[in-house]
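> Build me a structure from this.
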Amino acid sequence: MKFSSFALAAVALAASGVSGFSAPKFSVRQPTPLFMSTAVDAETKTALATAANEARGLAMDSIAAAHSGHMGLPLGAAEIGAVLYGSQMSYNAKDPTWINRDRFILSAGHGSMFLYSWLNLAGFDLPMEEVMRFRQHHSMTPGHPEFPSSEHNTPGIESTTGPLGQGVANAVGMAASEKMAAAVYNTDEHKIFDHHIFALAGDGCFQEGVSAESAAFAAHEKLDNLIVLYDANEVTLDKMAEYTQSEDILKRYEAYGWEVFEIDGHDLDSVEETIAKAKASDNGKPKFIKCNTIIGKGMEETEGTNAAHGEAGVPYVDKAKKNIGLPDGEKWYVSEGTRDFFAEVQKKNQAKYDAWQSTYAAWKEANPELAKQLQEAVDDYTMPAEDMIKEIPKQTEDAEATRVSQFKVIQEISKLVPYYVSGSADLHGSTRNYINDGGNFGSGFDKTYAGKNLYFGIREHSMGSIMNGFAFHGLFKISGSTFLVFVDYMRPTLRVAALSELDRVSYILTHDSIGVGEDGPTHQPVETVSGLRVIPNLDVYRPADAEETVAAMVSSVTRKEGPTALIFSRQNIDQNNDMDYMARREGALKGAYIAKKETADLDTIIIATGSEVQHALKAAADLPGARVVSMPCMEVFERQSAEYKEEVLPSSCTKRIAMEAGVSDPWYKYASKVVGVDKFGMSAPGDIVMKEYGMTAENLAAEIASM
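Presented below is the predicted three-dimensional model:
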């Protein structure tokens, strides 16, 4: 390997702690002792130190060119990146979706130039021209990392991060997914899943509650394939971290049940040895490595202060680069030695990859049915929705809560999509999404890692982020359940799933209206369904009966563009038995359809959804000119052809009324009058609350008569 005099000087500077490399401002204690016989060899250490400085330079140049970004983490955590991508992670830059690669999640997504710099250096298909276009329109280097989608397709990005803490929870989800994959697909003869999940996070991530919820889950389920690296730079955006936190985070994570380490995050030997030990430890404990670092390291004007967090250091970039030994005046500099070093890393990783491919080929030959299932899981294959609805038996003709209908349908979905799993935030008994004979996921009690039912505990925010982690991991479809009124606890994760186009996740949300009854207004959602409908790229299904529930569930597992929220009732609902069951399924797949056609000239259209469709059908019974349109999903209906929409809602009929036991505003897009609920509910039996708020056929008929 060839290193310039600048690179060698940088290593000397790092060792001496002079100029741009201030002496560490912390002491290091070691909660878990290390027993490593050798340190990094001198040549590799030189290469890693050089790469770390050049990664710093790439970050500084890109952020300076954009006049925007966060410089602190890329400069402060450079040695961590060097060890991960230059030594400890198993990946193939030429096959970035290899199913047994280690995953790296930058939970502190604001430090995205850290990730882009290392992906370029490690040989991923992220050209330097794109690194130079950081934060520019249609670049491969957006402001925060974005999982490959229709908008961005940057190889090596494992999850969309930015909302602090969610990346830690995503990593927990990926670790759980890896444990599940190993349990389902590995055999005594062939091990095809044995990778690790790494996450780099900062103080903000650990102050957010979602990381705490997820840390408890990870320890309880013994996810020892998870390694979280804490960039402990003692800085938050407004102030130094001591202004808002004083806890001993190591003791906190020890109390959860994690194995904890504390190291100097700039000491390459320590970083290397500790990560190696964490990987080798299969002791049932996830790993937490507190890496004490200096934020903005190498830029003496800002390093170690909260000013280093963002782009305040831009005026000092040229001086800082010179101080750390980079060529004066040369932008986006990468030495020949660093390129040669990572070429050798790629060769080593390729050898591991080739050996795995041989194992996989032997496993595939020995397990053809399992191999077929895995390939379909990787491809996210399902039969088309139009075919799947025909594979599910006809449902009941008796009144039934749609949460109960969903329980029956999820059993069929599990058979038709073998890689579909589900979980609940401590509400399986009420939300009814338990997969019979699927087993329970986790460690201890009656649980195994092959179980299809996840118990998240009362941790909705964590549940949503863990589900996203499953989806990012790319091997399972997953649904999670809670009461609809509590979905706001996990709303940030729905937003990330929608913008990331995660079709592998869906949300089972029950007890959908004031019909909940006696629990009162704290548990009676009125604004919640409409609050979900305004999230772009989230389909929101609120089915009216058991057959519409079939269509909603099928749509949720066959949709390819993004996630689906499934809204189900607590109370029984009448079935629309006057209409053929398959016609109801087919209509619901289109988002809206004619549930009752007029028997005279059309003069009125009644639009309803969910439990209110039964009232619309009764109100229209004595109105020969009235048409009833069931609209379980506005979003799907809006994607239909103009011709179909005109067929269902002809523009010639302007006398339209809509009904839903929720806020009325969204329905004015389709109707001139709305019977809705625009205030909070009350504590009383559900049928009484519904009557008090006008959610009856009689009130609807009166409102129609008044038009």
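
> Please, where are all the helices along the stretch 401-550 of the chain?
402-416, 428-431, 460-473, 491-499, 528-533, 546-558 (DSSP state H, counting those that start in this stretch).

> where in the protein is pLDDT low?
For the chain, the stretches flagged by pLDDT under 70 are 1-39.

> Which one of the helices of the stretch 401-550 of the chain lies nearest to Gln88?
Gln88 lies closest, by Cβ to Cβ, to one member of those: helix 460-473, at 19.6 Å. Where C-beta positions appear, they are placed from N, C-alpha and C, glycine not excepted.

> Now do that closest one against helix 491-499: the angle between them, please.
Interaxial angle of helix 460-473 relative to helix 491-499 (axes from the mean of the first three to the mean of the last three Cα atoms, to 10 degrees): 20 degrees.

> if I look at the residue nearest to the spatial centre of the chain, how far off is Glu501?
Nearest to the geometric centre of the chain sits Asn468, at 2.5 Å (Cα atoms, centre = their mean). The gap separating Asn468 from Glu501 is 12 Å, by Cβ to Cβ, to the nearest Å.

> before we move on, the earlier item: what's the residue nearest to the centre of the chain in contact with, if anything?
Contacts for Asn468 (Cβ atoms under 8 Å, 6 or more residues apart in numbering) come out as Ser159, Gln166, Ala169, Asn170, Gly173, Thr493, Val496, Ala497, Ser500, Leu502, Val505.

> JSON lines for the helices of the stretch 401-550 of the chain, including distance to Pro142?
Rendered in JSON lines, the data for those read as follows (distance: least, Cβ to Cβ, whole Å):
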{"stretch": "helix 402-416", "distance to Pro142": "35"}
{"stretch": "helix 428-431", "distance to Pro142": "36"}
{"stretch": "helix 460-473", "distance to Pro142": "16"}
{"stretch": "helix 491-499", "distance to Pro142": "11"}
{"stretch": "helix 528-533", "distance to Pro142": "25"}
{"stretch": "helix 546-558", "distance to Pro142": "28"}
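
> Out of the ones you listed, the one nearest Lys669 is which?
helix 528-533 (10.5 Å).

> Does anything pack onto that closest one? Which helices or strands?
Packing partners of helix 528-533 (3 or more Cβ pairs under 8 Å, 6 or more residues apart in numbering; DSSP states H and E): strand 539-541.

> contacting residues around the strand it packs on?
Contacts of strand 539-541 (Cβ under 8 Å, 6+ apart): 529, 532-533, 551-552, 555-556, 559, 562-567, 588, 632-636.

> Same check on stretch 412-422?
180, 373, 376-377, 382-383, 388, 391-393, 410, 433-435, 438, 441, 452-454, 470, 475-481, 508, 553-554, 557.

> now do the same end-to-end measure for that stretch.
13 Å (Cα to Cα, to the nearest Å).

> so what strands line up beside the host helix or strand of Leu229?
Assigned by DSSP states H and E, Leu229 belongs to strand 226-232. Applying DSSP bridges, strand 226-232 is found paired with strand 197-201 (parallel), strand 287-292 (parallel).

> can you list the residues that contact the shortest one?
Okay, so that is strand 197-201. 77, 80, 84, 89, 102-108, 114, 165, 167-168, 170-171, 174-175, 178, 211, 225-231.

> that older thread, please produce a PyMOL select command covering the buried subset of the contacts of Asn468.
Applying 16 or more other Cβ atoms under 10 Å to these leaves a buried subset, and the PyMOL line that selects it is:
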select buried, resi 159+166+169+170+173+493+496+497+500+502+505
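
> Nearest to Ile295 among the contacts of Asn468?
Out of the contacts of Asn468, the member with the shortest distance to Ile295 (by Cβ to Cβ) is Gln166, at 21.4 Å.

> Next one: that closest one from Arg491, what distance?
Distance, Gln166 to Arg491, using Cβ to Cβ: 12 Å.

> Equivalent analysis for Val421, please.
Here the criterion is Cβ to Cβ. By it, Val421 lies 22 Å from Arg491.

> And for Lys597?
When Lys597 is compared with Arg491 (using Cβ to Cβ), they lie 38 Å apart.

> One more: Met682?
For Met682 relative to Arg491 (Cβ to Cβ), the value is 25 Å.

> And for Gly111?
In terms of Cβ to Cβ, Gly111 sits 25 Å off from Arg491.

> Name the residue in these two with the higher neighbour count.
Gly111 (27 against 15; other Cβ atoms under 10 Å).

> Could I get the contacting residues of that one?
His70, Gly72, Leu73, Pro74, Ala77, Gly202.

> go with 10 Å
By Cβ atoms under 10 Å, 6 or more residues apart in numbering, the residues touching Gly111 are 59, 69-77, 144-145, 161, 200, 202, 231, 295, 309.

> Out of those, list just those in helices.
Assigned to helices by DSSP state H, the following of these qualify: Ala59, Gly72, Leu73, Pro74, Leu75, Gly76.

> excluding its backbone neighbours, what's nearest the fourth one?
The shortest distance from Pro74 to any non-neighbouring residue, by Cβ to Cβ, 6 or more residues apart in numbering, is to Ala59 (3.5 Å).

> looking at it, that neighbour is touching Lys297, isn't it?
No: assessed by Cβ atoms under 10 Å, Ala59 is found out of contact with Lys297, at 11.3 Å.

> Pretty sure Ile606 sits in a helix.
No: read with DSSP: H, G, I helix; E, B strand; the rest coil, Ile606 is strand and lies in no helix.

> is it in a bridge, and if so with what?
In this entry, Ile606 is beta-bridged to Val628, Ile657, by DSSP bridges.

> Settle this for me: it is touching Val628, isn't it.
Yes: Ile606 lies in contact with Val628 (Cβ under 10 Å); the separation is 5.0 Å.

> Who has more neighbours out of the two?
When neighbours are counted by other Cβ under 10 Å, Ile606 and Val628 differ, and Ile606 comes out ahead with 30 against 26.

> Contact partners for that one?
595-596, 612-613, 615-617, 619-620, 623, 626-630, 655-659, 671, 675, 700-701, 703-704.

> From these, which land in strands?
Ala595, Lys596, Ala626, Arg627, Val628, Val629, Ser630, Arg656, Ile657, Ala658, Met659, Val675 (DSSP state E).

> sec struct for the residue nearest to Ser652 when sequence neighbours are not counted, please.
Nearest non-adjacent residue to Ser652, counting by Cβ to Cβ, 6+ apart: Leu602, 7.9 Å away. For Leu602, the assignment made with three-state DSSP gives coil.

> give the contact list for Leu602.
Pro624, Gly625, Ala626, Arg627, Pro650, Ser652, Cys653, Lys655 are the contacts of Leu602 under Cβ under 10 Å, 6+ apart.

> again, only using 7 Å
When contacts are counted by Cβ atoms under 7 Å, 6 or more residues apart in numbering, Leu602 is found next to Gly625, Arg627, Cys653.

> Which members of those come out as buried by neighbour count?
Arg627.

> Pick out whichever of the contacts of Leu602 sits closest to Lys45.
Within the contacts of Leu602, proximity to Lys45 (Cβ to Cβ) peaks at Arg627, which comes in at 76.2 Å.
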